[in-house]
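Participant: From the sequence below, what's the structure:
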Amino acid sequence: MRLPSATVLLALHMASPSGHAQSELKPTLIDSIAPFSSDGKIEMTETKLLRTTKVSKTEAGVINGVHYHFYYTDGSGTFSGRPGNTGHHSEPTGTNWTTGCKKDPVTDRKHCYMQIRDLWIFVQPKGQIAVSIGHDHFPGSTVTIRLDNAPPISTGSRDDGTFNKQISAKLIKQLAQAKLATTRYMKWPYRTWVDETWELYGLPETLQYINWAVERIK
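Facilitator: Predicted coordinates for the structure are as follows:
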């Protein structure tokens, strides 16, 4: 697939009369000419502001029945987290996976993430991965995840509720095969547990995407 150059796109979207709104092509963080999936459709999406129209490179498609949409500007997107979902903003909160990517401006460290409910998965280039539970943890508390009816796995909340490299690698394999996930953590400033249980739909496809995206960060 051959996409128009940034210069051509700007020329096509610039308003001609002086004083009218002008278009601005947003830079991309994810560098890829080919789409993420064979079904993916790459488009230039406009967001109208006061006197400027932001133009972003986006992609939408379906992979293994999972609907998705993401922005090449920062890797942010949505993947279906429930059968029948299309990732539309009107669907209930917490029923779809959300994604995003970042390159640290000082260290150049790159990562992408996927998140649903209280479960976070982070990837770095070359397959480095971490699984995390919750946010704003109560000091000294623990986080726990249980997959289907397997024994629960816990760790301390000191490192933002993140499991170490070995346990994270083990959890990723189990997550890919599990049907249900249950998470537990204690949120500051309350001394009560926050529990969530949901179906792990769309996890393999979303994980495939963030691994694809992190290797293509400029």
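Participant: ranges for the strands of this protein?
Facilitator: With DSSP state E as the criterion, the chain has strands at 22-25, 41-48, 52-63, 66-71, 77-80, 96-103, 110-116, 119-124, 128-133, 142-147, 153-156, 180-186, 193-199.
Participant: okay, the ones you listed, which one's buried deepest?
Facilitator: strand 77-80 (a mean of 25; mean count of other CB atoms under 10 Å). No exception for glycine: its C-beta is placed from N, CA and C like everyone else's.
Participant: hey, C-alpha coordinates of that one in CSV?
Facilitator: Extracted in CSV, the C-alpha atoms of strand 77-80 (Å, rounded to 0.1, in the frame of the first residue of the first chain):
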residue,chain,number,x,y,z
GLY,A,77,-6.8,2.5,20.4
THR,A,78,-9.5,0.1,21.3
PHE,A,79,-9.9,-3.6,20.8
SER,A,80,-13.1,-5.5,21.5
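Participant: Between the strands of the chain, which has the poorest mean confidence score?
Facilitator: Of all the strands of the chain, mean pLDDT reaches its minimum on strand 22-25 (a mean of 86).
Participant: what packs against that strand?
Facilitator: The contact analysis (3 or more CB pairs under 8 Å, 6 or more residues apart in numbering; DSSP states H and E) places strand 22-25 against helix 6-13, strand 52-63.
Participant: list the contacts for Leu171?
Facilitator: Val131, Ile145, Leu147, Ile153, Phe163 (CB atoms under 8 Å, 6 or more residues apart in numbering).
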